[in-house]
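# for reference, the sequence and a predicted model appear below.
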There are 4 protein chains.
Amino acid sequence: MGRMSYAELAEAARGQMGNCKACPVCDGRACHNCIPGPGAKGTGMVAIRNYEAWQSVMLHMDTIHEPYVPDTSVTLFGRKLSLPVMVGPLGDVNRHYGPKYDMETYNNVMLHATAAAGTLGWTGDGLAASLHEGACRAISGLDGCGICTIKPWSKDVVRDKLRIALAAHPVAVAMDIDGAGLPFLKGQQPPAGAKGVSQLREIAKACHAADTPFVLKGIMTERGAEKAMKAGADGIVVSNHGGRVQDGVEATATVLPEISRAVGDDLVVLVDGGIRSGVDVFRALALGANAVLMCRPFVVAMYGGGEQGVMDLLAQLQGELADTMEMCGAETVSDITDDLVSW
Amino acid sequence: MGRMSYAELAEAARGQMGNCKACPVCDGRACHNCIPGPGAKGTGMVAIRNYEAWQSVMLHMDTIHEPYVPDTSVTLFGRKLSLPVMVGPLGDVNRHYGPKYDMETYNNVMLHATAAAGTLGWTGDGLAASLHEGACRAISGLDGCGICTIKPWSKDVVRDKLRIALAAHPVAVAMDIDGAGLPFLKGQQPPAGAKGVSQLREIAKACHAADTPFVLKGIMTERGAEKAMKAGADGIVVSNHGGRVQDGVEATATVLPEISRAVGDDLVVLVDGGIRSGVDVFRALALGANAVLMCRPFVVAMYGGGEQGVMDLLAQLQGELADTMEMCGAETVSDITDDLVSW
Amino acid sequence: MGRMSYAELAEAARGQMGNCKACPVCDGRACHNCIPGPGAKGTGMVAIRNYEAWQSVMLHMDTIHEPYVPDTSVTLFGRKLSLPVMVGPLGDVNRHYGPKYDMETYNNVMLHATAAAGTLGWTGDGLAASLHEGACRAISGLDGCGICTIKPWSKDVVRDKLRIALAAHPVAVAMDIDGAGLPFLKGQQPPAGAKGVSQLREIAKACHAADTPFVLKGIMTERGAEKAMKAGADGIVVSNHGGRVQDGVEATATVLPEISRAVGDDLVVLVDGGIRSGVDVFRALALGANAVLMCRPFVVAMYGGGEQGVMDLLAQLQGELADTMEMCGAETVSDITDDLVSW
Amino acid sequence: MGRMSYAELAEAARGQMGNCKACPVCDGRACHNCIPGPGAKGTGMVAIRNYEAWQSVMLHMDTIHEPYVPDTSVTLFGRKLSLPVMVGPLGDVNRHYGPKYDMETYNNVMLHATAAAGTLGWTGDGLAASLHEGACRAISGLDGCGICTIKPWSKDVVRDKLRIALAAHPVAVAMDIDGAGLPFLKGQQPPAGAKGVSQLREIAKACHAADTPFVLKGIMTERGAEKAMKAGADGIVVSNHGGRVQDGVEATATVLPEISRAVGDDLVVLVDGGIRSGVDVFRALALGANAVLMCRPFVVAMYGGGEQGVMDLLAQLQGELADTMEMCGAETVSDITDDLVSW
């Protein structure tokens, strides 16, 4: 039995995913602003814009070059990945995609699949303390092969969660600082939400004391990236949380080039939002990302094909990226520079 | 029983509003150019353009900042409002939205709701003298908590209406100078419609003699704003009357930045047209407005939920504005500057 | 019984007009490339583009001015018209709009209506000699109140048709030089079609000898306008024949400003193509036209309301133009300058 | 029985073409990304973009010029063609368009039709050796009247295929260097796909030794064109293989002007992709092409009308091109310069 394509995985998943329609192309149109479900906030336009912004980045095809087998590998936080694609964090699979998977099973399956494919999965965080603990247990069981995300809770909660996270020796610890826009973070006592540079610096220090890189997810401006640097972060994810935390913001593809230019080589730059193919991965790298995160399509892949579905999608993306690299004259990922695209 | 969302208010109102479809999003598409009804003039495109222009203003999300509870209050004409949103004037609720409310009831309910929510309602003006008189009576009964609008009638009629208005001690008196484009103002004797700077200056003087600010509503150009200043107005509303007085004009969001820059701090700058969420309110303030007016959605809210419906919508807008302020790093309304958006 | 609106005229005409659907808004979409019928050539996009280009010209509303009754009159070729709108030429009403009218009846009704309304109708030309003769007879019967168009036939045919035309003492004689793109002009002996400056100069001279202005219709470039001046023309019509002679050309609204600037006051500049309302007439004048031609909507008006229908549509356009002039601060047609619009 | 129009040919072909819908306008929308079938890769957007990019090039109509009969002929690689349109190569008619034609019959019919019409057909290449052999046999039987394409196979296979090709004395030999993106070229031993300048130079030398020009098809960047020159190619085809080899690339019309400027007169510049009418041919020539290739519409024409269908479509295109030349003041193909269009 051969590999399932994303179209086949989506067809197999359809009807089992709650408010997610498991569309052939995950472009934010069908789910619109449907939450619970995979929709975006308010008008629902941010997710759609994310997807479309990548489509407007044009590739420069050039096949007059010596033949080679493209090398899609990339080294990130000292670890070599087989392809520059990681599976993004998910906080509540039941609530948004129905009862088929609970979070612990989802994380376990996803982390095994990504590790087996030679890349990394990111775990999410939520109200129930068990979610983060389970995620860290799973990462620990895979020799730290994973990145765990902590939401911007109050100082005390963050400290406790961080201790658990660092004990799992993950590849990195991330905080989705844009989680301030999620309803369940509001009105908590002590207050959760936005964090200033000084509090973030303490978190970064705690990570560094455990030899663990710290990543800030949810950066959409040069100013935000500069504050992340001041806070001592090792990487950022240019992200608008797939449109789920704030309506009316730019597509990530639109702000990526200026943010990437601003941080230069001082930070690892990751990006997510509407990336759906190896062609889109190529675009993201050409605009300055070191690697990308994708989330929704992997949920579909797991609902449609389980652990093998996640691996099939990773293999499909790797194949599409390799084909695109050959067609545009890039032999390695570091050859994917901004002169290979127009935008 | 909790607060009703706008979607719920619209659903409750649907079918009771004449030619208004009480759409989930009030974007000018369904009513198009339908008058009587909430439609726009001619091709119907001005209302649609108003809505879409706000959507094209992009917010700069940045949640790396100290946590705070955003303060949505604003001081306008010496009065502190709980949020920078006022309910705009309506001239003939029966004609455009069916028999459920008469103007006097509509104005009373709306003014009570806005006063209770800590903001202001604007009353409209029409052919029947009783409309203006009732509006002023209602404002007077609320210790002047409201702004009454007078149409650009003939000099004599304006003088009489102004006397009644000033006796109610409203927060301000406004004239919708773009009312010249309304059919029922045409062919009156003595002539009504456009007014020159000198006649407007007399009106402003009469207002100032009663310690009442004078606002010109319907300004769409820098030149118009400069004439408003020459006439002694204290504020302007950048408005195209929701597309109901002239086809083919720009969206208000498009002209707001240049008009705001032109008047600097010399005038209070208000804006209306297609503002539908707290995110849009944030956009308007970032482009230079001191506060905004919204009208159609509040008619829907009242038809769907009565006085409580108006208050629920105000609360929803305030919540969305506060969330957006937190997500973009603005602690107070005066922090909402144009470097927080791109357009 | 009051005036019929265009919507009512179109509804009355619907079903009687062959391949013309008598749409509520005549925007080139429904007829597309349907010929016979009112469609455009090839992809059908030129007619659609004509319509849409006017819609993208934005008006600057400003009602702070002294009140006035706008004066829509204009003087053209020494004759005062009540409004700057003329009815454009039609060559074969039977073929394109079905059997209800023959050309002679159509021209007679149209010329009477336009003369009664204080403006001018243009007559068309075709293969049958009787068409031009009938048109000239009708114009002559109205004391020359009309403009007759001659196609770019061979030199001999033009000379004969011109003699007949000049004997009718029309306000002007026009040649639709873009008629070269019409199928029935191809392959004629002697050859018809394009004409050089020298042959056009002879035609202009013959007109001038009869004290009759000569107009070239179908100019779409500055270079074309300069050649028209060299040929001694008194006016031009910026026109792409409503998209019926060549696919792929610009909208007339797009080229009008540069052509108008190039000719300055040396030529009368007229324009047609997709003008559908008094707002559009205002736009055309603001972009540099002295007056406009409209054709398809008047065919609809005549099918829906006969001679009175044509007059009703002229009255509607005049009313819309006057309203727009009041709303934008233009008292006379010469006040409609390009600083009153953005494009 | 007269000539069939493309619309009539498409109607006759409809239902016989497998996954091709034989649309009235072949714009890439209906077939989308359907392969097998005429669809494009990935999102399917490249074929659609190709078509639309030509539509956005605007023609400058100007019929004030001396009358002439436009001359559509062009000299290419020393051979005079009756019109600057050639039929592009097809590799597997059975697989993509169903069983009606096999490749040998398709090529024979197509080459006869193009030769009879005074232009050239291009033959394709595929896995079966017989395909190329049959194509060369057919070209040889027509005294070399045709251009044969060789895919970028391994060095040995190319050498063998080239020997067969040159023996047929075709007008030129081409290599579709972008064929690297076709699935069946992947994983071959020895490797096929991209080729460096040095290997291409050997192929060019072999061609030149047989007095045969060498053309590289699939150039989309200035850099690619410069490498083609370095490799000694005599011509290039600006092509993205109709969107079938790589998603996300520009339209050919978008890159043609810069590539054409870069190569000047040193190379013959051809272009394909979404060209569907004589108006589009005019656009391509104005943007710098010496001639164009069209493929899909000729498959439709052959399925709908056999050899005569191909000739009818060529005649239609020639007629449309001639009409456009007359309407824009171009007497010969070399008069079609970039000042006759805007883009």
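In hand now; what should we look at? From a predicted model like this one, the values you see are computed outputs, not experimental measurements.
# excluding its backbone neighbours, what's nearest A:Ala210?
Leaving aside its chain neighbours, A:Ala210 sits nearest to A:Leu166 (4.1 Å; criterion: CB to CB, 6 or more residues apart in numbering or on different chains). Every C-beta, even on glycine, is put in place using the N, C-alpha and C of the backbone.
# go ahead and confirm A:Val87 touches A:Trp122.
Yes - the pair A:Val87 / A:Trp122 is scored as a contact, 6.4 Å apart, by CB atoms under 8 Å.
# common neighbours of these two, please.
A:Leu293 (CB atoms under 8 Å, 6 or more residues apart in numbering or on different chains).
# mind checking which of those two has more residues around it?
Using other CB atoms under 10 Å in any protein chain shown as the criterion, A:Val87 and A:Trp122 rank with A:Trp122 on top: 31 against 28.
# quick one: low-confidence ranges for chain A?
A:1 (pLDDT under 70).
# and chain A, which of its residues are near chain C?
Taking CB under 8 Å from any CB of the partner chain, no part of chain A reaches chain C.
# spatially central residue for chain A, please.
In chain A, the residue lying closest to the centroid (CA atoms, centre = their mean) is A:Leu293, at 2.7 Å.
# just the element for that residue, please.
strand A:291-294 (DSSP states H and E).
# what does A:Met4 give?
Short version, using DSSP H and E: A:Met4 is in no helix or strand.
# surely it and A:Met311 touch.
No - with contact taken as CB under 8 Å, A:Met4 and A:Met311 are classed as non-touching, separated by 9.9 Å.
# so the residue nearest to A:Ala210, which of the three states?
Classification of A:Leu166 using DSSP: H, G, I helix; E, B strand; the rest coil returns helix.
# could you check how far it is from chain C?
58 Å (CB to the nearest CB, to the nearest Å).
# that residue: how many residues sit nearby?
Using other CB under 10 Å: A:Leu166 sits among 18 other residues.
# which residues touch it?
Counted by CB under 8 Å, 6+ apart, A:Leu166 has contacts A:Val173, A:Ala206, A:Cys207, A:Ala210, A:Thr212.
# likewise for A:His112?
With CB under 8 Å, 6+ apart, A:His112 has these contacts: A:Leu142, A:Glu307.
# still on that earlier bit, now do the same contact list for the residue nearest to the centre of chain A.
A:Val85, A:Met86, A:Val87, A:Gly88, A:Trp122, A:Val237, A:Ser239, A:Leu270, A:Val271, A:Asp272, A:Ile275.
# could you tell me the end-to-end distance of stretch A:174-181?
17 Å (CA to CA, to the nearest Å).
# what do you get for stretch A:110-126?
Taking CA to CA as the criterion, the two ends of stretch A:110-126 lie 17 Å apart.
# what residues sit buried inside that stretch?
A:110-115, A:117-126 (16 or more other CB atoms under 10 Å in any protein chain shown).
# same question, stretch A:333-343
A:Val333, A:Ile336, A:Leu340, A:Val341.
# what is the burial count for A:Gly78?
By the criterion of other CB under 10 Å, A:Gly78 has 9 neighbours.
# quick check: it vs chain B, distance?
From A:Gly78 to chain B the distance is 25 Å (CB to the nearest CB).
# ok, now A:Val171?
From A:Val171 to chain B the distance is 23 Å (CB to the nearest CB).
# in contact with that residue, which residues?
A:Leu76, A:Phe77, A:Arg79, A:Leu120, A:Gly144, A:Cys145, A:Gly146, A:Ile147, A:Pro213.
# please redo it, this time with the cut-off set to 10 Å
Residues near A:Val171 by CB atoms under 10 Å, 6 or more residues apart in numbering or on different chains: A:76-79, A:81, A:86, A:120, A:122, A:139, A:144-148, A:212-213, A:215.
# measure stretch A:143-155 end to end?
Start-to-end, stretch A:143-155 (CA to CA) is 28 Å.
# for that stretch, buried residues please.
Buried, per 16+ other CB under 10 Å, within stretch A:143-155: A:Gly144, A:Cys145, A:Gly146, A:Ile147, A:Cys148, A:Thr149, A:Ile150, A:Lys151, A:Pro152, A:Trp153, A:Ser154.
# enumerate every residue touching whichever residue of the stretch 101-250 of chain A sits closest to chain C.
Nearest residue of the stretch 101-250 of chain A to chain C (CB to the nearest CB) works out as A:Gly248 at 23.7 Å. Residues near A:Gly248 by CB under 10 Å, 6+ apart: A:41-43, A:45-46, A:49, A:240, B:54-61, B:277, B:279-280, B:282-283, B:324, B:327-328, B:341.
# is any part of the one helix or strand A:Glu202 maps to close to chain B?
If you go by DSSP H and E, A:Glu202 is part of helix A:197-209. Yes - residues of helix A:197-209 contacting chain B under CB under 10 Å from any CB of the partner chain: A:Val197, A:Ser198, A:Gln199, A:Leu200.
# that older thread, what about the buried residues of stretch A:110-126, which are in strands?
Residues of the buried residues of stretch A:110-126 located in strands (DSSP state E): A:Trp122, A:Thr123.
# just the helices in the stretch 1-150 of chain A please.
In the stretch 1-150 of chain A, the helices defined using DSSP state H, counting those that start in this stretch lie at A:6-13, A:45-55, A:93-97, A:103-116, A:129-141.
# out of these, which gets nearest to A:Glu258?
For A:Glu258, the closest of those is helix A:45-55, at 13.4 Å, according to CB to CB.
# the closest one: which residues count as buried?
Going by 16+ other CB under 10 Å, helix A:45-55 has these buried residues: A:Met45, A:Val46, A:Ala47, A:Ile48, A:Arg49, A:Asn50, A:Tyr51, A:Ala53, A:Trp54, A:Gln55.
# right, is it up against chain B?
Yes - against chain B, helix A:45-55 shows contacts by CB under 10 Å from any CB at A:Met45, A:Val46, A:Arg49.
# what residues does chain A have near chain D?
A:7, A:24-25, A:27, A:54-69, A:276-280, A:282-283, A:319-320, A:322-324, A:326-329, A:339-342.
# buried only: go through these for me.
Buried among these (16+ other CB under 10 Å): A:25, A:27, A:54-55, A:57-65, A:67, A:276-280, A:282-283, A:320, A:322-324, A:326-329, A:340-341.
# ok, A:Ser160 touching A:Trp153?
Check again: residue A:160 is Asp, not Ser. Yes - under the criterion of CB atoms under 10 Å, A:Asp160 makes contact with A:Trp153 at 8.9 Å.
# residues contacting A:Asn175?
No, residue A:175 isn't Asn; it's Met. By CB under 10 Å, 6+ apart, the residues touching A:Met175 are A:125, A:149-153, A:158, A:161-162, A:195, A:200, A:203-204, A:207, A:214-218, A:231, A:233.
# and if you look at A:Ala116?
A:Leu142, A:Cys145, A:Glu307, A:Gln308, A:Val310, A:Met311, A:Leu314.
# can you name the two of these that are farthest apart?
Farthest pair in these, by CB to CB: A:Cys145 and A:Gln308, 18.3 Å.
# how about the residue in the stretch 51-200 of chain A positioned nearest to chain B, nearest residue that isn't a chain neighbour?
Nearest residue of the stretch 51-200 of chain A to chain B: A:Gly196, at 4.0 Å (CB to the nearest CB). Distances taken as CB to CB, 6+ apart put B:Glu66 closest to A:Gly196, at 4.0 Å, once the chain neighbours are dropped.
# hmm, back to that, neighbour count added to the residues of helix A:197-209 next to chain B, as a markdown table?
A markdown table is the format used below for these (neighbours: other CB atoms under 10 Å in any protein chain shown):
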| residue | neighbour count |
| --- | --- |
| A:Val197 | 17 |
| A:Ser198 | 10 |
| A:Gln199 | 17 |
| A:Leu200 | 23 |
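# what's the closest of the residues you listed to C:Ile259?
Nearest member of those to C:Ile259, counting by CB to CB, is A:Val197, at 58.9 Å.
# I'd say that closest one and B:Asp62 touch.
No - in this structure, A:Val197 is not within contact of B:Asp62 by CB under 10 Å, at 11.7 Å.
# any common contacting residues for these two?
What both A:Val197 and B:Asp62 touch, as defined by CB under 10 Å, 6+ apart, is the set A:Lys227.
# stretch A:171-184: how far from the chain's middle?
Centroid separation between stretch A:171-184 and its chain, computed with CA atoms, centre = their mean, to the nearest Å, is 12 Å.
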